[in-house]
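K.L.:
any chance you could fold what I've pasted below:
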Amino acid sequence: MTDSSSGDSVRGTVTVQTSPERAWEAFTAGFAGWWPREYTWAGGVLEDIGIEPREGGLCSERGPHGFRCDWGRVLAWDPPRRLVLAWQIGPTRAPVPDPAKASEVEVRFVPAGPETTRVELEHRHFARHGDDADAYRAGMGSPQGWTWILERYAARAASG
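P.N.:
This next block holds a predicted model:
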């Protein structure tokens, strides 16, 4: 896992021993299997996390009794190459309903050899989150941010 922070973005890269198609599937359809529950609003009572597989689709979590917390919208859906999400979760992990105040998360799935895929993530436009943007970027660029999240994803993708 490699990561870097600069300007108004955080980048991370992880290599997984699987095809781009399977890496994509593990990331999108398998989201609930690897995303840290500690990084959800529902926490221990989380029932599901999902991404609707289309541009304009929602990325959201579901808690008990059908309670739903929207994380953002799909801006680009290009399987198995590229996914872009409007990231409408703010620095306090609360939803941000105004899309103009959303950052973006772009994930690319790049063939890196036979049955090997480099997954490149960029979380950008933190300034849109306002006064706490610098701290938010620093947190997501820390070892407990995208680094840890991508490591969890890579472990899940490797296990099939």
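K.L.:
next SSE after the worst-scoring helix or strand of the chain on mean pLDDT?
P.N.:
Here the helix or strand of the chain ranked lowest by mean pLDDT, DSSP states H and E is strand 2-6, holding a mean of 57. Per DSSP states H and E, the first helix or strand lying C-terminal to strand 2-6 is strand 9-16.
K.L.:
ok, longest helix in the chain?
P.N.:
helix 148-158 (DSSP state H).
K.L.:
distance between that one and the chain's centre?
P.N.:
From the chain centre to the centre of helix 148-158 is a distance of 11 Å (C-alpha atoms, centre = their mean, to the nearest Å).
K.L.:
ramachandran coordinates for the most centrally placed residue in the chain?
P.N.:
Centroid-nearest residue in the chain: residue 105, 6.3 Å away (criterion: C-alpha atoms, centre = their mean). In terms of degrees, to the nearest 10, the main-chain angles of residue 105 are phi -120, psi 120.
K.L.:
show me what it bridges to in the sheet.
P.N.:
Beta-bridge pairing for residue 105 (DSSP bridges): residue 85, residue 123.
K.L.:
separation between it and residue 115?
P.N.:
26 Å (C-beta to C-beta, to the nearest Å). C-beta here means a position set from N, CA and C on the backbone, and glycine is covered the same way.
K.L.:
so who does the residue nearest to the centre of the chain touch?
P.N.:
With contacts defined as C-beta atoms under 8 Å, 6 or more residues apart in numbering, residue 105 is in contact with 84, 85, 87, 121, 122, 123, 124.
K.L.:
sounds good, over and out.
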